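Novice: what's the 3D shape of this:
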Amino acid sequence: MQNKNKTVTKTKEILELFVDHESLSLQEISNISRLSKTTAHRMIGSLEEVGLLTRNSAGKYQLGLMFLQYGQLVKERLDIRQIALPIMKELRDGVNEAVNLVIREGNEAIYIEKVDTNQAVRVYTQIGRRAPLYAGACPRILLSYMPVEERLKYIEETALVPYADGTITDKNTLQKTIEQCLKLGYTVSHSELRNFSSALAAPIFNSDGLVVAGLSLAGLNSSFHEARIPELVEKTINAANRISNQLGRVK
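Specialist: Reported below is the predicted structural model:
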């Protein structure tokens with residue numbers, strides 16, 4: 001573990017050289033970092049292989065495009081939370097149900113923000129909680145708007161394990177539910193991740209028209225009865241659209 005920590009520390013030191021230098025040669029990296037040329041070459045090779053460093057036309061090293069991707073993800077996620085929170089509070093106050101903000105990471109959904117209901121009995125969700133993309137309204141909204149080939153591959157390769165009494169475990173049923181979601185622009189779940197709980201979710205789009213998050217209401221099954229669903233749908237979609245517009249979505 002100690003050797004691994006030393007490697008990580010040295011790697012970080014090499015990358016930090018590019019804060020003050022746009023590009024550096026192998027010899028320059030070795031001189032500034034005080035690493036042997038052999039060690040520097042080995043570490044740079046690994047960084048280049050994973051896209052963290054790249055070589056320019058002069059043969060010098062510079063930060064790779066991977067940093068642009070990571071930086072955009074961090075910025076986008078911070079922007080979403082900052083923009084979404086006041087709108088989430090308004091939505092909560094309007095319907096008196098918990099509101100969650102979820103993003104996708106790999107094959108899971110992660111809850112990155114929440115606003116609890118004022119009701120004494122509530123469905124508890126923790127920030128940082130992870131859930132499979134096929135189960136529950138908010139994770140499934142992310143699955144529904146994935147690129148078609150990627151979504152089909154996920155469904156084909158994923159075992160649909162039951163989390164609660166209402167979890168969808170049949171792949172044909174899941175496909176039909178997703179088709180309905182794409183047609184309506186929202187999805188509803190009942191007892192999919194927890195028994196006696198329901199949720200309703202709508203997509204959040206970025207400036208490129210891609211779904212980058214899901215916004216959901218969550219509460220007890222008894223609060224999500226058929227007569228109330230239209231009101232919840234309208235308010236949730238409206239809130240999600242407001243967040244999307246502030247993220248720069250072109251109408």
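Novice: Domain map for this protein?
Specialist: By the assignment in automatic domain parsing, the chain contains the domains 2-63, 72-246.
Novice: how far does the first one sit from the chain's center?
Specialist: Right, the one you point to is domain 2-63. 30 Å (Cα atoms, centre = their mean, to the nearest Å).
Novice: so for it, what's the average pLDDT?
Specialist: Per-residue pLDDT over domain 2-63 has a mean of 87.
Novice: What segments of the stretch 1-150 of the chain are strands?
Specialist: 53-55, 61-63, 98-105, 108-115, 130-132 (DSSP state E, counting those that start in this stretch).
Novice: So which other helices or strands are in contact with the fourth one?
Specialist: Judged by 3 or more Cβ pairs under 8 Å, 6 or more residues apart in numbering; DSSP states H and E, strand 108-115 is in contact with helix 65-95, strand 98-105, strand 130-132, helix 137-144. (Each C-beta comes from the backbone N, C-alpha and C, glycine too.)
Novice: can you do 10 Å?
Specialist: helix 65-95, strand 98-105, strand 130-132, helix 137-144, strand 211-220 (3 or more Cβ pairs under 10 Å, 6 or more residues apart in numbering; DSSP states H and E).
Novice: Check which helices and strands the third one is in contact with.
Specialist: Just to be clear, that refers to strand 130-132. Partner elements for strand 130-132 (3+ Cβ pairs under 10 Å, 6+ apart): strand 98-105, strand 108-115, helix 137-144.
Novice: Can you tell me the strand partners of the second one and which way each runs?
Specialist: Strand 108-115 has these partner strands in its sheet, going by DSSP bridges: strand 98-105 (antiparallel), strand 130-132 (antiparallel).
Novice: Is it possible to get CSV of the ones you listed that adds distance to Ala159, mean pLDDT and mean neighbour count?
Specialist: Supplementary listing: those in CSV, determined by distance: least, Cβ to Cβ, whole Å; pLDDT from 0 to 100; neighbours: other Cβ atoms under 10 Å:
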stretch, distance to Ala159, mean pLDDT, mean neighbour count
strand 98-105, 19, 94, 24
strand 130-132, 10, 93, 18
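Novice: Let me know which of these is the nearest to Glu48.
Specialist: Closest approach to Glu48 among the strands paired with strand 108-115 is made by strand 98-105 (25.4 Å; Cβ to Cβ).
Novice: Mind checking the strands of the stretch 1-150 of the chain for the one nearest to Phe224?
Specialist: With Cβ to Cβ as the criterion, Phe224 lies closest to strand 98-105 of the strands of the stretch 1-150 of the chain, at 11.8 Å.
Novice: okay, the helices and strands packed on strand 108-115, which one's buried deepest?
Specialist: Across those, averaging neighbours per residue (mean count of other Cβ atoms under 10 Å) puts helix 137-144 on top, at a mean of 27.
Novice: and that one, C-alpha only, in PDB?
Specialist: Output of helix 137-144 as PDB, limited to C-alpha atoms (Å, rounded to 0.1, in the frame of the first residue of the first chain):
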ATOM      1  CA  ALA A 137     -38.500   6.000 -11.400                       C
ATOM      2  CA  CYS A 138     -35.400   8.300 -11.200                       C
ATOM      3  CA  PRO A 139     -32.800   5.700 -12.100                       C
ATOM      4  CA  ARG A 140     -35.000   4.400 -14.900                       C
ATOM      5  CA  ILE A 141     -35.400   7.900 -16.500                       C
ATOM      6  CA  LEU A 142     -31.700   7.900 -17.000                       C
ATOM      7  CA  LEU A 143     -31.800   4.400 -18.500                       C
ATOM      8  CA  SER A 144     -34.600   5.400 -20.800                       C
END
